[in-house]
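K.L.:
Got a sequence here, can you model it:
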Amino acid sequence: MQLTLILSVLSIVSSGWLFPFNLFLVTLPMEKPVNSLNATKAAFEKRLEISEGLAAIQVDEKWGFVNKKGAVKINQRFDEVRGFSDGLAAVRVEEKWGFVNKRGKFVIKPQFDDAVSFHEKRTFVKQYGIWSLVTKRNKTIARPQFETVGIFSEGFAHVSINGKYGFVNRKGKVAIDFIYQDAKDFSYGLAAVKTGSRKWGFINEQNAFVIPATFEAVGKFNSYGCAVKWNGQWGIINKNGTMKTVNEYDNISALDFGFFLAERDGKFGLIDAHGEKITEIKYDEVLPFSEGMSRVKIQHKVGFLNSFGQEEIPLIYEQATDFLDGKAKVDLDGQVGYVTKNGDSLFDRKSVPKK
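P.N.:
Purely as a prediction, here's the structure:
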């Protein structure tokens, strides 16, 4: 029986209808658990994402969850799953979605055509082509009416009705009217919205424009700024809308620790908010930071950058997971082990030299 670990992906999709349903608590049918050693070895077949201590695992086209050591915690019974958030995971059984807790028990039975992961104790569920807002106890807060939905961030979620976008609060009330062509989630007190001019700007929680709608494309704010595209070029602005830098990159997006991911000719690297290069633009892949470490890849070799943008762990590994509890699982010359944040490795007490 072949075992595969897959990245759990949060999907934000459009349209749904919902009727209120009662709360169910159901225990998953028991199956013979997957051997945890096999799960550990299989972690490198595809990227493994750990969400709230559990990762999605697929066995013979059925999904379950393992812990950080590869031991199966929820047996493989689902046709599709999404990562844990707010203590619950959206799972699909045949054609219907529901939610399980970390003990593998249904807290909301499968009944929806689609579902978004919980954030801030709220989520959107879909039936009959339209979305509705519900709580963890499956109480309907906002009736079925939304065509597209986002996730809750800073107390708000963007949604659309009749092709127009606005925002609702956690009580399901309309907080910002449906007047925009598109919208993104709130970040650092600002949300990007697209106006009738087909340009992006940024509003605050009171729906006042803090940064005028002048941009062709926008990213998400980090603590230092936001990547925007203006007059065909990518640059970085601060929260007042002042352009801090313009660079000749194909794309820029915000990361943690004040870094920005820059792309040029299919290669990636880190720059700061002023456009200064932190790393060379040389990597085939740069992933978001996890416990202060960013996984990077050149050709078939993987290593890690630290929170200063330095190559703390050299690119010598064939495969690696993100860091969890101070360690990342790595594969070197066919041997599976761990590496710590300072580059020390745990391969049968062998040491891998740092760069």
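K.L.:
Would you mind writing the CA trace of stretch 266-277 as CSV?
P.N.:
Presented in CSV, the C-alpha positions along stretch 266-277 are these (Å, rounded to 0.1, in the frame of the first residue of the first chain):
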residue,chain,number,x,y,z
GLY,A,266,12.1,32.8,-13.0
LYS,A,267,14.5,33.1,-10.1
PHE,A,268,13.7,34.3,-6.6
GLY,A,269,15.5,36.2,-3.8
LEU,A,270,14.9,38.5,-0.8
ILE,A,271,14.9,42.3,-0.8
ASP,A,272,14.1,44.8,1.9
ALA,A,273,11.5,47.6,1.8
HIS,A,274,14.0,49.9,0.2
GLY,A,275,14.7,47.5,-2.7
GLU,A,276,18.1,46.5,-1.4
LYS,A,277,19.0,42.9,-2.1
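K.L.:
Pull the residues that contact it.
P.N.:
The contact list for stretch 266-277 (C-beta atoms under 8 Å, 6 or more residues apart in numbering) reads 224-225, 235-236, 238, 244-247, 249, 252, 255, 258-262, 278-286, 305, 309. Using the backbone N, CA and C atoms, a C-beta is placed for each residue, glycine as well.
K.L.:
How about the secondary structure of Asn207?
P.N.:
The three-state assignment at Asn207 reads coil, by DSSP: H, G, I helix; E, B strand; the rest coil.
K.L.:
Where does the prediction get shaky in the stretch 1-150 of the chain?
P.N.:
Scanning the stretch 1-150 of the chain for pLDDT under 70 picks out 1-49.
K.L.:
do that again at 90, thanks
P.N.:
For the stretch 1-150 of the chain, the stretches with pLDDT under 90 are 1-51, 53, 55, 57-61, 66-72.
K.L.:
what about the helices in it?
P.N.:
In the stretch 1-150 of the chain, the helices defined using DSSP state H, counting those that start in this stretch lie at 36-42.
K.L.:
just the buried members of the contacts of stretch 266-277?
P.N.:
For those, a burial check counting by 16 or more other C-beta atoms under 10 Å picks out 224-225, 235-236, 245, 247, 249, 252, 255, 258-262, 278-279, 281, 283, 286, 305, 309.
K.L.:
Which members of these occur in helices, if any?
P.N.:
In helices, judged by DSSP state H, none of the buried ones among the contacts of stretch 266-277 are found.
K.L.:
Which ones among the residues you listed map onto strands?
P.N.:
Secondary structure from DSSP state E places 235-236, 245, 247, 252, 260-262, 286, 305 of the buried ones among the contacts of stretch 266-277 in strands.
K.L.:
Which of the residues you listed lies at the shortest distance from Lys327?
P.N.:
Closest to Lys327 out of these is Leu305 (16.6 Å), distances taken as C-beta to C-beta.
K.L.:
I'd say that closest one and Ser294 touch.
P.N.:
Yes: if you go by C-beta atoms under 8 Å, Leu305 and Ser294 touch, sitting 4.4 Å apart.
K.L.:
Tabulate the ones in strands among the buried ones among the contacts of stretch 266-277 (a markdown table), appending distance to Gln58 and pLDDT.
P.N.:
A markdown table is the format used below for these (distance: C-beta to C-beta, whole Å; pLDDT from 0 to 100):
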| residue | distance to Gln58 | pLDDT |
| --- | --- | --- |
| Gly235 | 41 | 94 |
| Ile236 | 39 | 95 |
| Thr245 | 43 | 83 |
| Asn247 | 40 | 80 |
| Ile252 | 34 | 96 |
| Phe260 | 34 | 96 |
| Leu261 | 29 | 96 |
| Ala262 | 34 | 96 |
| Val286 | 26 | 97 |
| Leu305 | 30 | 97 |
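K.L.:
shaky segments in the stretch 201-350 of the chain?
P.N.:
In the stretch 201-350 of the chain, residues with pLDDT under 90: 220, 222-223, 243-248, 290, 321-327, 329, 334, 342-350.
K.L.:
Give the burial count for Pro288, as a bare number.
P.N.:
Using other C-beta atoms under 10 Å, Pro288 has 11 neighbouring residues.
K.L.:
One more: Ile176?
P.N.:
Neighbours of Ile176 under the rule other C-beta under 10 Å: 22.
K.L.:
so what's it up against?
P.N.:
Residues in contact with Ile176 (C-beta under 8 Å, 6+ apart) are 156, 166-167, 203, 207.
K.L.:
what sits against the closest residue to Leu261 other than its chain neighbours?
P.N.:
Once flanking residues are discounted, Leu261 sits nearest to Ser253: 4.9 Å by C-beta to C-beta, 6 or more residues apart in numbering. Contacts of Ser253 were listed using C-beta under 8 Å, 6+ apart, and they are 219-220, 227, 260-261.
K.L.:
With respect to Ser160, which of those residues is nearest?
P.N.:
When the contacts of Ser253 are compared for distance to Ser160 (C-beta to C-beta), Lys220 wins out at 19.0 Å.
K.L.:
Neighbours of Glu61, how many?
P.N.:
Residues within reach of Glu61, counting by other C-beta under 10 Å, total 8.
K.L.:
so who does it touch?
P.N.:
Neighbour list for Glu61: Asp79 [criterion: C-beta under 8 Å, 6+ apart].
K.L.:
mind checking the backbone torsions on it?
P.N.:
Torsion angles at Glu61 (phi, psi; degrees, to the nearest 10) stand at phi 70, psi 10.
K.L.:
Alright, calling it a day.
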